[in-house]
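J.: coordinates only, sequence not included:
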């Protein structure tokens, strides 16, 4: 009897290998669908309110509209050719395969039973994976608009976004996350998109802000945020949504997602406090905007490290990122004189670089990180720095090309009169507050 | 007892610029001496006390105007000096920026509802 059961058992055990398609675990699927809509929440209304509150009241609707339209455009492009270029079924041999993939244009070959691989034996529904990654493309494009706020033409934004996604975002996403991608194969650690999303958006924003030019009157004329209450609401929505962004990047509802979750709490808390402490130490008052800025700096820095760090490494990252970002937005920006209006580069770009490089450190087991120590700190640092440099170079050059093209065709900025009257009336024919 | 010149009732117009947090106290003190109405507005300005500094992400903006409250009161000449004294004592914090009190002669005063002029415009029939 026992022999028989063993025999049957081994038969049963052998069967899954012969079985056809793997079936997604509903728990994982449910978590990934939740994560996807959480990232959506980060964009609308999270990022829209965060940025919107920082503008002057005459440009509020312009900010909200640019973000909404940009995210929507990115979603449509994603299902047409974006997903295929970043995560397509056809992987190319040689150099091309390091930068893009193909074969899944218009999601051809995908149906409700299709699955996507996770980091274990599990799979999730492919439509869920496509949707999840879609929200990342959408938020990254929207993040750039903080740098060019209050002066870039709506038509220019609508033309820039598709070009930028195609030549900058999709290749970088493939390099870091796609099968055969340049930086993935190199061993770069980027759990949820420190390079792909934040360094990418930050550097692109900086280059585009340079091409668009400074706002009229900046920096002599005061341009205080019109509603820090909205900025605080947006910050809260971003923080909540970021659990989908970071913990969702585990692609499963597993322990790695749990690690990403706790890190997204503590790094962010440390970042928010550290910014206010920095203000206090420099003789100012701990401010609401300082808290919000520190929260974002912490969130950005923990993004690549979310599942690649222990909680105390994450706290360290949050503190360092916050202090470095403060230095950039308060000192370096003024010295260099670039008008990154809402600090897309100063916080996302700089915080992303701190996070990407810092991930090499906090990943190590001696700091409580989940790394097994097989790749030492030195070599891992080299890999991380390389991934940062590739991202900066690619984003910078790609944005320069896309920006110059748009400038030549429709022009990048509004007329001086429209800028003075405010983009809400000039570009959209409405006022935020009546 | 009312001061008149050639039988005409004399009215003073008192404008006081004070610190906003002193408004309630001043209002109460004026009620106690019988002032039953006033006009209050929020205003901005500067004197010896310069502006204040706001800082957003390290970018400092100094605003050279500070918020103040302006009180306007029309009062008959016999109590005008008492009104000035009351405001001066109540709104005083002994710091710069406490404000100023200006007194003007008022050419006329008319109550819109009744069309009454002079003292009746200010105090109704009560003091007659």
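T.: Sure thing, it's come through. This structure is a prediction, so every number in the text was calculated from the model and none was measured. Residues are numbered from 1 along each chain as shown, chains lettered A, B, ... in the order given.
J.: Check the gap between the residue in the stretch 301-434 of chain A that chain B sits nearest to and residue B:58 for me.
T.: Of all residues in the stretch 301-434 of chain A, residue A:330 sits closest to chain B, with a separation of 2.3 Å (C-beta to the nearest C-beta). Bear in mind the C-beta positions are built from the backbone N, C-alpha and C, glycine included. To residue B:58, residue A:330 is 2 Å away according to C-beta to C-beta, to the nearest Å.
J.: partners of the top strand by length along chain B in the sheet?
T.: Counting residues, the longest strand in chain B under DSSP state E turns out to be strand B:66-76. If you go by DSSP bridges, strand B:66-76 pairs up with strand B:11-18 (antiparallel), strand B:39-45 (antiparallel).
J.: And the shortest one, how far out from the chain middle?
T.: I take that to be strand B:39-45. Using C-alpha atoms, centre = their mean, to the nearest Å, the mean C-alpha position of strand B:39-45 is found 10 Å from that of the whole chain.
J.: Any part of whichever helix or strand comes after it near chain A?
T.: As assigned by DSSP states H and E, the chain's next helix or strand after strand B:39-45 is strand B:52-56. Yes. Using C-beta under 8 Å from any C-beta of the partner chain, strand B:52-56 reaches chain A at B:54-56.
J.: avg pLDDT for the helix or strand harbouring residue A:297?
T.: Residue A:297 belongs to helix A:288-302 when assigned by DSSP H and E. For helix A:288-302, mean pLDDT rounds to 98.
J.: Any of the residues of strand B:52-56 next to chain A buried? List them.
T.: B:55-56 (16 or more other C-beta atoms under 10 Å in any protein chain shown).
J.: Put together a markdown table for the residues of strand B:52-56 next to chain A, with pLDDT on each row.
T.: Listed next are those as a markdown table, based on pLDDT from 0 to 100:
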| residue | pLDDT |
| --- | --- |
| B:54 | 85 |
| B:55 | 87 |
| B:56 | 89 |
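J.: Buried ones in the helix holding residue A:297, by neighbour count?
T.: Buried residues in helix A:288-302, counted by 16+ other C-beta under 10 Å: A:289-302.
J.: Please report the number of neighbouring residues for the residue in chain B positioned nearest to chain A.
T.: Nearest to chain A in chain B, going by C-beta to the nearest C-beta, is residue B:58, at a distance of 2.3 Å. Neighbour count of residue B:58, defined by other C-beta atoms under 10 Å in any protein chain shown: 21.
J.: Apart from its chain neighbours, what residue comes closest to residue B:104?
T.: When the adjacent residues along the chain are set aside, residue B:104 lies closest to residue B:13, with 4.4 Å between them (C-beta to C-beta, 6 or more residues apart in numbering or on different chains).
J.: what about residue A:126, neighbour count?
T.: For residue A:126, using other C-beta under 10 Å, the count is 23.
J.: Surely it touches residue A:109?
T.: No. In this structure, residue A:126 is not within contact of residue A:109 by C-beta atoms under 8 Å, at 9.5 Å.
J.: Let me see the contact set for residue A:188.
T.: When contacts are counted by C-beta atoms under 8 Å, 6 or more residues apart in numbering or on different chains, residue A:188 is found next to A:176, A:195, A:383-384, A:386-387.
J.: Likewise for residue A:194?
T.: A:300-301, A:303-305, A:352, A:355-356, A:359.
J.: Ok, residue A:139 next?
T.: Residue A:139 sits next to A:39, A:42-43, A:47, A:71, A:197 when contact means C-beta under 8 Å, 6+ apart.
J.: Buried subset of the residues you listed, written for ChimeraX?
T.: With 16+ other C-beta under 10 Å as the criterion, this ChimeraX line picks the buried residues out of the contacts of residue A:139:
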select /A:39,42,43,47,71,197
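J.: Can you flag which of the contacts of residue A:139 belong to helices?
T.: A:39, A:71 (DSSP state H).
J.: now for the contacts of residue A:139, which pair is the farthest apart?
T.: Greatest spatial distance among the contacts of residue A:139 (C-beta to C-beta): A:71 and A:197, at 13.3 Å.
J.: how about low-confidence regions in the stretch 151-300 of chain A?
T.: Applying pLDDT under 70 to the stretch 151-300 of chain A picks out no residues at all.
J.: Without its sequence neighbours, what residue ends up closest to the residue in it that chain B sits nearest to?
T.: The nearest approach of the stretch 151-300 of chain A to chain B comes at residue A:222, 3.9 Å away (C-beta to the nearest C-beta). Distances taken as C-beta to C-beta, 6+ apart place residue B:61 nearest to residue A:222, at 3.9 Å, with adjacent residues excluded.
J.: now the nearest residue to residue A:226 once chain neighbours are set aside: how far from chain B?
T.: Using C-beta to C-beta, 6+ apart and skipping the chain neighbours, the partner closest in space to residue A:226 is residue A:57 (4.1 Å). Separation of residue A:57 from chain B (C-beta to the nearest C-beta, to the nearest Å) stands at 15 Å.
J.: Residue A:57 touches residue A:432, doesn't it?
T.: Yes. Taking contacts as C-beta under 8 Å, residue A:57 lies within contact range of residue A:432: 6.1 Å.
J.: The two: who's more crowded?
T.: Legend: neighbour count by other C-beta under 10 Å for residue A:57 and residue A:432, higher for residue A:432 (20 against 16).
J.: Now do the contacts for the more buried one.
T.: Residue A:432 touches A:57, A:60-61, A:424, counting by C-beta under 8 Å, 6+ apart.
J.: again, 10 Å this time
T.: A:52, A:55, A:57-64, A:226-227, A:422, A:424-425 (C-beta atoms under 10 Å, 6 or more residues apart in numbering or on different chains).
J.: just for chain B, where's the confidence low?
T.: Across chain B (using pLDDT under 70), the flagged ranges come out as B:1-9, B:125-128.
J.: Among the contacts of residue A:432, list the two that are farthest apart in space.
T.: A:227 and A:425 (18.1 Å).
J.: ok, the two, which is more surrounded?
T.: Each of residue A:227 and residue A:425 has its neighbours counted (other C-beta under 10 Å); residue A:227 has more, 19 against 16.
J.: Return the list of helices and strands in contact with the longest helix seen in chain A.
T.: Taking DSSP H as the criterion, chain A has its longest helix at helix A:377-409. Helix A:377-409 sits against helix A:126-144, helix A:154-164, helix A:170-177, helix A:182-186, helix A:200-212, helix A:350-362, with contacts defined as 3 or more C-beta pairs under 10 Å, 6 or more residues apart in numbering or on different chains; DSSP states H and E.
J.: one more time with 8 Å
T.: Secondary-structure packing of helix A:377-409 (3 or more C-beta pairs under 8 Å, 6 or more residues apart in numbering or on different chains; DSSP states H and E): helix A:154-164, helix A:170-177, helix A:182-186, helix A:200-212, helix A:350-362.
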